[in-house]
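A.B. asks: Build me a structure from this.
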Amino acid sequence: MRPVIPYVTAALLFGLGVYGVLRRRNAVLVLMAVELMLNAVNLILVTADTTVRAQLPHAGQVFALFVIVLAAAEVGVGLAIVLQLYRLRASVVVDEVPLDEDAAAEPVAATVEGGR
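C.D. replies: You can find the predicted model right below:
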C-alpha cells in the first residue's frame with residue numbers, strides 16, 4: 001500500500017479541522033472540528049505503524065488508542081463546558097464568551113430576565 005494517500009487524506013482532514021476551529025462561532029462546531037483534527041492524527045499514526053513496522057511493533061496503534069481516549073475525555077469536558085455556557089449566557093457563540101473577570105461577574109441571562 002502506498003502511504004501517500006492516507007497522509008494526504010489526513011492532511012486534508014487536519015486542514016478542514018483547523019479551518020473549522022478558526023472560522024466557526026458555535027462552540028459545538030468547534031468541538032467537532034477538534035475531533036476532525038484528532039482523527040487525522042489517528043490516521044497518521046496507524047499509517048505510520050503499517051509502513052514502519054520493524055522498529056516498534058504496533059506502537060502507532062497504541063498511540064491511536066490513547067488519542068481516542070483523549071478525544072472521549074475532551075468531548076465529555078467540552079460538552080459540559082458548553083452546557084454550562086448555555087445555562088449562563090443562553091448562547092453557545094464563542095465570540096460572546098467574556099475573557100476578563102469584570103465581564104464574567106455578571107451573566108447576560110440575569111440582565112435579560114431582569115429587564116422583562
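
A.B. asks: so which strand or helix has the residue nearest in space to the middle of the chain?
C.D. replies: Against the mean C-alpha coordinate of the chain, by Cα atoms, centre = their mean, the closest residue is Val34 at 2.2 Å. Following DSSP states H and E, one finds Val34 within helix 27-51.

A.B. asks: Please spell out which residues along that helix are buried.
C.D. replies: 27, 30-49 (16 or more other Cβ atoms under 10 Å). For glycine as for every other residue, the C-beta is placed from the backbone atoms N, C-alpha and C.

A.B. asks: The residue nearest to the centre of the chain: what's it in contact with?
C.D. replies: Gly17, Val21, Glu74, Gly78 (Cβ atoms under 8 Å, 6 or more residues apart in numbering).

A.B. asks: confidence score at it?
C.D. replies: Each residue has a pLDDT score; the one for Val34 is 93.

A.B. asks: swap in Glu96?
C.D. replies: Glu96 is given a pLDDT of 77.

A.B. asks: for the one 3 residues further on, same thing?
C.D. replies: The confidence metric pLDDT takes the value 73 at Leu99.

A.B. asks: what phi and what psi does the backbone show at it?
C.D. replies: phi -110, psi -10 (degrees, to the nearest 10).
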